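*Asks:* Structure for the following, please:
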Amino acid sequence: DIDGEYSHAENGYLQLTLETGFVGLGIAAAVLLLIGVWCFRGLRRTSSAETGALLAAIVGVFAVNLVHSITDFVWYVPSCMTVLALLAACASRLHRFSTARHPRSGRPASLASRSFGLAGAAGVLLLGFWMFQVKHPALAAEPLWFDYIRIVRGEQHWDDAFDREEYQRHKFATVLAAAEADPQDCRIQMRAAAAALTMFREERKADPNGMSLANIREAARASQWDSPRQLQDWLDNPAVVGDRTHLDEAWDRTQHALSLCPLLAEGYIRLGELAWLRGATRRQEDALLVQALLVRPYDPLVHFSAGREAWLRGKETAALDHWKRAFERNAKYQQLLIDLLSPAVPAQFFLDNFDPATDALSRLRDASRNSHDSTGFQSVSLLLAERLSEEAAHERHHIAVGLWRKAHEVYVELDDARNARRMAESAVEAD
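*Replies:* Below is the predicted model:
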């Protein structure tokens, strides 16, 4: 399972190439070559032991940094690059000292050199102002974004007494504030779009007479309006959709996020879910889903969404093909698929079509425990106990003990005293 997000390569050269292309990599190589020339020419020509020692130290620092960058991306850290920039300036100055034939005279600098220096200083100030304008929004949004991440990660520790509604409002307000602070961050904009859509759905749930967005879409399809104008007039009725503020915000932020980064498959999926509100046809919705599959062919979210759309259209084979890919790649979507399908299909359906691993079998068993499918629950439990015992046989000490104990608990629930005793004995032996 991949529960995190990989934002950069763990290789400075690869990351630099990905961000700036071979042109950027060539410029970086030229700068490093120039610094190397300064250092080695200075070492060869200097007659001062102190100058030579300083240049040798600079060479050592750059060598360590270049080797370190093979397995890490440290160049994005401002403190690291500041040190390297200062050392490069030192290398330039030491090179000039070591290769100068005549000492500097005491004459004052000419008017041209002064003008050039003032122009350079003004240029640096203007560049610094522009850089501040560009980076300040990200700086302002960063604490809000990290607060949002902290809230999301804390959701798994909620208990029944927790005020989920208040927590959700705080989460949504935080990510929307981050999106306002930094309009140019595609990830924040996409998360804010998801928050806006979730807020709309929560409002629909709170309305006892409100239909879900999916039901409204099916009703709109069944009505077969003569023109997009008629559809919009119907949707503008407060009794149909209600307040569309959050829906429009979700649409606008998703489009903006995709304009910043067209590789965000989640955006095409969301536009496909909402495009009918703008009068899109099924073919146009399908095109958005195809685009999501093109940019992220291995993303479980994309395959889960594609499978759901195929299932709603009665294309069971295509739905299963997508859902199998989502199921095998991520525990989150295993649980989503189990929650979605277990009320409608027997447990054997999962065993026949998904080949669940041990963790997935445990989730499926939990979902089948309180269902009317007692035969399926028993089949899943037996298979889970067998998998646990097989894995325990290849593990050592406390890991094996934990697996034997889980298998023991499964057999106890199945009233299989003989196998339960055998698992318990194996756990004692492994401890």
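*Asks:* Phi first, then psi, for Phe270.
*Replies:* Small correction: residue 270 is Arg, not Phe. Here is the backbone geometry of Arg270 (degrees, to the nearest 10): phi -70, psi -40.
*Asks:* That one against Ala194, yeah?
*Replies:* Yes. With contacts defined as CB atoms under 8 Å, Arg270 counts as touching Ala194 at a distance of 7.3 Å. From N, CA and C alone the C-beta is placed, and that goes for glycine too.
*Asks:* Now for those two: what residues contact both?
*Replies:* Counting by CB atoms under 8 Å, 6 or more residues apart in numbering, the shared contacts of Arg270 and Ala194 are Ala250.
*Asks:* residues of the one helix or strand Gly24 maps to that come out buried?
*Replies:* Per DSSP states H and E, Gly24 falls inside helix 12-45. Neighbour counts over helix 12-45 (16 or more other CB atoms under 10 Å) mark 12-13, 15-17, 25, 28, 35, 38-39, 42-43 as buried.
*Asks:* picking up where we left off before, looking at Arg270 and Ala194, which is more packed in?
*Replies:* Between Arg270 and Ala194, Arg270 has the larger neighbour count (other CB atoms under 10 Å), namely 25 against 19.
*Asks:* tell me the helices in the stretch 301-431 of the chain, going along the chain?
*Replies:* Counting by DSSP state H, counting those that start in this stretch, the segments of the stretch 301-431 of the chain that form helices are 316-329, 331-341, 347-353, 358-368, 374-393, 397-413, 417-430.
*Asks:* Out of those helices, which is closest to Arg201?
*Replies:* Nearest to Arg201, of all the helices of the stretch 301-431 of the chain, is helix 331-341, at 15.8 Å by CB to CB.
*Asks:* what's the closest one in contact with?
*Replies:* 1, 3, 300-301, 304, 308, 323, 326-327, 349-350, 354, 356, 359-360, 363-364, 367.
*Asks:* Please compute how far that helix lies from its chain's middle.
*Replies:* Centroid displacement of helix 331-341 relative to its chain, using CA atoms, centre = their mean, to the nearest Å, is 19 Å.
*Asks:* Kindly report the same for stretch 31-40.
*Replies:* Here the centre of stretch 31-40 is set off from its chain's centre by 38 Å, with CA atoms, centre = their mean.
*Asks:* Quick one: mean pLDDT over it.
*Replies:* Stretch 31-40 shows a mean pLDDT of 93 in the predicted model.
*Asks:* so where's the stretch 1-150 of the chain shaky on pLDDT?
*Replies:* Along the stretch 1-150 of the chain, the parts satisfying pLDDT under 70 run over 1-5, 100-111, 113.
*Asks:* hmm, back to that, which helix or strand lies directly C-terminal to the helix holding Gly24?
*Replies:* Once the chain leaves helix 12-45, the next helix or strand it forms, by DSSP H and E, is helix 49-68.
*Asks:* In TSV, list the helices of the stretch 301-431 of the chain along with distance to Ala89.
*Replies:* Putting the helices of the stretch 301-431 of the chain into TSV (distance: least, CB to CB, whole Å) gives the following:
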stretch	distance to Ala89
helix 316-329	49
helix 331-341	49
helix 347-353	64
helix 358-368	55
helix 374-393	58
helix 397-413	54
helix 417-430	62
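*Asks:* Pipe those helices into JSON lines and attach mean pLDDT and mean neighbour count per row.
*Replies:* Below are those laid out as JSON lines (pLDDT from 0 to 100; neighbours: other CB atoms under 10 Å):
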{"stretch": "helix 316-329", "mean pLDDT": "91", "mean neighbour count": "18"}
{"stretch": "helix 331-341", "mean pLDDT": "88", "mean neighbour count": "18"}
{"stretch": "helix 347-353", "mean pLDDT": "90", "mean neighbour count": "17"}
{"stretch": "helix 358-368", "mean pLDDT": "89", "mean neighbour count": "20"}
{"stretch": "helix 374-393", "mean pLDDT": "91", "mean neighbour count": "18"}
{"stretch": "helix 397-413", "mean pLDDT": "90", "mean neighbour count": "18"}
{"stretch": "helix 417-430", "mean pLDDT": "89", "mean neighbour count": "15"}
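*Asks:* Out of the ones you listed, flag the one nearest Val74.
*Replies:* helix 316-329 (30.7 Å).
*Asks:* Quick one: residues in contact with the closest one.
*Replies:* Outside helix 316-329, the residues that reach it (CB under 8 Å, 6+ apart) are 1-2, 298, 300-301, 303-304, 306-308, 310-311, 333-334, 337, 353-356, 360.
*Asks:* for it, the distance to its chain's centre please.
*Replies:* That offset, for helix 316-329, works out to 21 Å (CA atoms, centre = their mean).
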